[in-house]
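*Asks:* Here is a sequence together with a model predicted from it:
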Amino acid sequence: MTTDVTIIGAGLGGLTLARVLHVHGIPATVYEAEASPTARAQGGMLDIHDYNGQPALEAAGLLDEFRSLILEGRQAIRILDRDGTVLFDQPDDGTGGRPEVQRGELRQILLDSLPAGTVRWGRKVSSTRALGEGRHEVTFADGSTVVTSLLVGADGAWSRVRPLLSTATPEYTGRSIVETYLFDGDVRHPAAAKAVGGGSLFALAPGKGIQAHRERGSTLHTYVALTEPQDWFAAIDFTDPCAATARITQEFDGWAPELTALITDSDTGPVLRHLYALPIGHRWDRVPGVTLLGDAAHLAAPNGEGANLAMYDGAELGQALAAHPDDIEVALTEYEQAVFPRGTEAATEGTQLHELLFGDDTPHGLISAFIDDEQTP
Ligand SMILES: Cc1cc2nc3c(=O)[nH]c(=O)nc-3n(C[C@H](O)[C@H](O)[C@H](O)COP(=O)(O)OP(=O)(O)OC[C@H]3O[C@@H](n4cnc5c(N)ncnc54)[C@H](O)[C@@H]3O)c2cc1C
């Protein structure tokens, strides 16, 4: 290729693209808003699927490195009733296709696999504009600019590249989560650790739930989900951790103490995250010299696929560019023809999953789905 690929965003999607391009000898530069790889905690555990995340890592030549990160036993699933009764308990027998790793560790193997200087840290994009003939100018918060013939928006939910292609913006899904962490759970919080079990816990009621994961070192990482308008959360002072914890816990009045302990005993202040999504079926007409991947292209309410899809998009785009080094437009057309239905399918399945998790029939519909899954050969 005669042009460097300019990637905005060093999340899992942008880094997978940069790595797959590097494997094929194509240079890329990744511009990332954060000041350094350690500027922000990288979130929790991700299950990496054998049909999208793992093939992406294979294309990146990083399967062995990925396997060394797998947290054994974490594919176990428990569903508890709100009184603590175990309704479903599926141990991890080692045959599942969704091994769990820590997101930060996965991002690090991608960073380590790139030539020094590939990622430019502390380069926050403030705007982008078309110059014609497939060229685009990217302006950074410090006023500097770069001009590129191939621009890829891998900059997540609030992409600054997306406006070159589409007027769509993410909308609030009606649901938010509050994150808590209990460290060294087995020793310091044994009842909660026992409730979570070896992998993931779901304790659900219509419109709300407590989901927790056993991460590395028996850290218990919890997502408390609530279906409420944003105003409802705005009335809670999250700068006062005790008051916010008390208010959130009130929503789980009467639930088993080993479940509410996942909120009340948090070693960190509760962190509120509103969940947004792009319209299902988001797509755009081909614009020369620019495309999107991952959340920038098809942000959906968390459904266990987003990070996997972002990596898969990155790998697919990298391979399409490697296959058509002399014709960027052919490569981008091929990539986009597959990315649109892929994003739509995942977001649609995600809506169905959220109905199973938080609909009127929860948790029974979810249990049936897991049982059907177990029985599928
Ligand atoms: C609570 C929660 C739980 C989730 N759990 C899972 C899960 O279990 N499994 C799963 O597969 N997915 C999960 N997801 C979804 C997943 O996190 C995303 O789909 C995935 O991170 C998307 O990757 P990405 O590379 O497209 O974007 P991101 O990970 O958002 O990366 C974008 C990068 O771009 C940078 N950036 C943003 N704006 C700019 C700018 N203006 N200039 C320069 N850089 C910029 C950001 O700093 C960031 O580094 C979850 C999401 C949430 C909110």
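*Replies:* Thanks, I have it. Numbers count the residues shown, from 1 in each chain.
*Asks:* got any ranges where this structure has weak pLDDT?
*Replies:* 1-3, 376-377 (pLDDT under 70).
*Asks:* Counting residues, what is the longest strand that it contains?
*Replies:* Counting by DSSP state E, the longest strand found in the chain is strand 171-182.
*Asks:* That one pairs with which strands, parallel or anti?
*Replies:* Sheet partners assigned to strand 171-182 using DSSP bridges are listed as strand 220-226 (antiparallel), strand 271-277 (antiparallel).
*Asks:* Spell out whether it and the ligand are in contact.
*Replies:* Yes. Counting by Cβ under 6 Å from any ligand atom, the ligand has neighbours in strand 171-182: Ile177. In short, each C-beta sits where N, CA and C put it, glycine included.
*Asks:* what comes up buried for that strand?
*Replies:* Thr173, Gly174, Arg175, Ser176, Ile177, Val178, Glu179, Thr180, Tyr181, Leu182 (16 or more other Cβ atoms under 10 Å).
*Asks:* try stretch 238-245
*Replies:* Phe238, Ala244, Thr245.
*Asks:* My reading is that the last one lies in a helix. Confirm?
*Replies:* Yes. According to DSSP: H, G, I helix; E, B strand; the rest coil, Thr245 belongs to a helix.
*Asks:* That one and Ser266 touch, don't they?
*Replies:* Yes. The pair formed by Thr245 and Ser266 meets the contact definition of Cβ atoms under 8 Å, at 6.8 Å.
*Asks:* What distance do you get for His298 to the ligand?
*Replies:* In this structure, His298 and the ligand are 9 Å apart, going by Cβ to the nearest ligand atom, to the nearest Å.
*Asks:* neighbours around Trp158, how many?
*Replies:* Using other Cβ atoms under 10 Å, Trp158 is surrounded by 12 other residues.
*Asks:* what are the ranges of the helices in this structure?
*Replies:* Applying DSSP state H to the chain gives helices spanning 12-23, 53-59, 63-67, 103-112, 185-188, 190-196, 230-234, 241-250, 257-264, 295-298, 306-323, 328-358, 364-375.
*Asks:* Let me know which of those is the nearest to Leu220.
*Replies:* helix 185-188 (4.2 Å; Cβ to Cβ).
*Asks:* helices and strands around the closest one, which ones?
*Replies:* Contact here means 3 or more Cβ pairs under 8 Å, 6 or more residues apart in numbering; DSSP states H and E; on that basis helix 185-188 packs against helix 190-196.
*Asks:* helices or strands next to the helix it packs on in the packing?
*Replies:* strand 77-80, helix 185-188, strand 208-214, strand 220-226, helix 257-264.
*Asks:* residues of it that come out buried?
*Replies:* So, applying 16+ other Cβ under 10 Å, buried residues of helix 190-196: Ala192, Ala193, Ala195, Val196.
*Asks:* how about the residues of the stretch 1-150 of the chain near the ligand?
*Replies:* 8-14, 31-34, 46, 124-125.
*Asks:* Tell me which residues are up against stretch 220-227.
*Replies:* 44-45, 174-182, 185, 189, 192-193, 196, 207-215, 233, 248, 251-252, 262-263, 266, 270, 357-358 (Cβ atoms under 8 Å, 6 or more residues apart in numbering).
*Asks:* Go through that stretch and flag the buried ones.
*Replies:* Leu220, His221, Thr222, Tyr223, Val224, Ala225, Leu226.
*Asks:* Spatially central residue in the chain, please.
*Replies:* Against the mean C-alpha coordinate of the chain, by Cα atoms, centre = their mean, the closest residue is Ala307 at 4.0 Å.
*Asks:* now that one: how far from Asp47?
*Replies:* 9 Å (Cβ to Cβ, to the nearest Å).
*Asks:* Turn the strands paired with strand 171-182 into CSV, including distance to Ser368.
*Replies:* Shown next, in CSV, are these (distance: least, Cβ to Cβ, whole Å):
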stretch, distance to Ser368
strand 220-226, 20
strand 271-277, 25
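*Asks:* Gly96 is nearest to which of these?
*Replies:* strand 220-226 (19.4 Å).
*Asks:* Please tell me how far that closest one is from the chain's geometric centre.
*Replies:* Relative to the centre of its chain, strand 220-226 is centred 15 Å away, using Cα atoms, centre = their mean, to the nearest Å.
*Asks:* For the remainder of this discussion, apply numbering that starts at 384.
*Replies:* From this message on, residue numbering opens at 384, which makes the last subject strand 603-609.
*Asks:* With just CA atoms, put that strand into CSV.
*Replies:* Extracted in CSV, the C-alpha atoms of strand 603-609 (Å, rounded to 0.1, in the frame of the first residue of the first chain):
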residue,chain,number,x,y,z
LEU,A,603,-15.6,-9.9,42.7
HIS,A,604,-16.6,-7.4,40.0
THR,A,605,-20.3,-6.5,40.0
TYR,A,606,-22.5,-4.8,37.5
VAL,A,607,-25.8,-3.7,39.1
ALA,A,608,-28.3,-3.1,36.4
LEU,A,609,-31.3,-0.8,36.8
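*Asks:* The ligand contacts on the stretch 534-683 of the chain?
*Replies:* Ala537, Asp538, Gly539, Arg543, Ile560, Tyr606, Arg656, Gly677, Asp678, Ala679.
*Asks:* Which two of these have the greatest separation?
*Replies:* Longest span within these, Cβ to Cβ: Arg543 and Tyr606, 27.6 Å.
*Asks:* Would you check that Asp696 makes contact with Gly396?
*Replies:* Yes. Counting by Cβ under 8 Å, Asp696 does reach Gly396; the two are 5.8 Å apart.
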